[in-house]
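Undergrad: Sequence first, predicted model second:
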Amino acid sequence: MVKVIYFSREGENLVNGQINIINQGNTKQLAKIIASQLDCDMVEIKPVKDYPISYLETIDIVEKELRENSKPAYYSVKNPLYGNHLFIGFPTWCGSMPRIMKHFLEQENVSKKIIYPFCTHEGSGFGRSLYELNKVCPLSSVIPGLAIQGSRVKTSQKSVSNWLVHYKHYSRRN
């Protein structure tokens with residue numbers, strides 16, 4: 001069984017160097033494309049305390065979370081990691097995986113899972129996120145990830161299809 005697990009944020013976002021309001025987070029949009037192509041369930045990691053709508057206020061909070069290695073609280077999810085193949089998605093924030101996703105992965109049993117990371121960004125790709133993911137999930141196999149620029153998510157279907165070849169390869173073996 002496969003699941004798409006993601007964290008996303010709507011509100012003001014940086015798009016091509018400009019702050020714009022988006023009604024649905026870029027990572028959520030990408031997660032929907034992946035889940036649709038895999039015909040599988042999605043699990044959203046939701047913070048107990050929402051991030052602000054303001055992009056600049058969110059960045060201030062993210063920078064503080066990184067400095068303090070915070071563990072933002074999230075609402076519990078039912079059976080989030082059932083199955084061996086997990087698609088884990090998040091926005092790259094300040095070159096890192098959001099602390100809420102790091103906290104989630106630290107709390108859940110991801111041992112011996114095959115993890116397919118995906119992220120949205122506005123120029124930094126995964127940044128340090130893949131290093132952080134391997135550190136948090138040392139007993140899991142982390143497959144090469146998919147990084148999509150947030151402003152290009154709506155036209156990413158072909159990129160997603162090409163990337164899912166990894167899943168088809170590994171799912172036959174496990």
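TA: On my side now, so go ahead.
Undergrad: okay, CA-based contacts and neighbour counts for the rest of this
TA: Fine.
Undergrad: pLDDT on stretch 69-88, on average?
TA: Average pLDDT, stretch 69-88: 86.
Undergrad: Return the set of buried residues in stretch 4-24.
TA: Along stretch 4-24, these residues count as buried under the neighbour rule (16 or more other Cα atoms under 10 Å): 4-15, 21.
Undergrad: Now find how far off-centre stretch 151-163 is within its chain.
TA: On the basis of Cα atoms, centre = their mean, to the nearest Å, the separation between the geometric centre of stretch 151-163 and that of its chain is 15 Å.
Undergrad: and it, which residues are buried?
TA: Residues of stretch 151-163 classed as buried by neighbour count (16+ other Cα under 10 Å): 151, 153, 156, 160, 163.
Undergrad: Over to stretch 56-68?
TA: Along stretch 56-68, these residues count as buried under the neighbour rule (16+ other Cα under 10 Å): 58, 62, 65, 66.
Undergrad: can you pull out the helices in the protein?
TA: Using DSSP state H, the helices found in the chain span residues 26-38, 55-68, 99-107, 129-136, 157-163, 165-173.
Undergrad: re earlier: present the buried residues of stretch 151-163 as CSV; the columns should include pLDDT and distance to residue 74.
TA: Converted to CSV, the buried residues of stretch 151-163 look like this (pLDDT from 0 to 100; distance: Cα to Cα, whole Å):
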residue, pLDDT, distance to residue 74
151, 91, 27
153, 95, 25
156, 96, 28
160, 97, 27
163, 95, 29
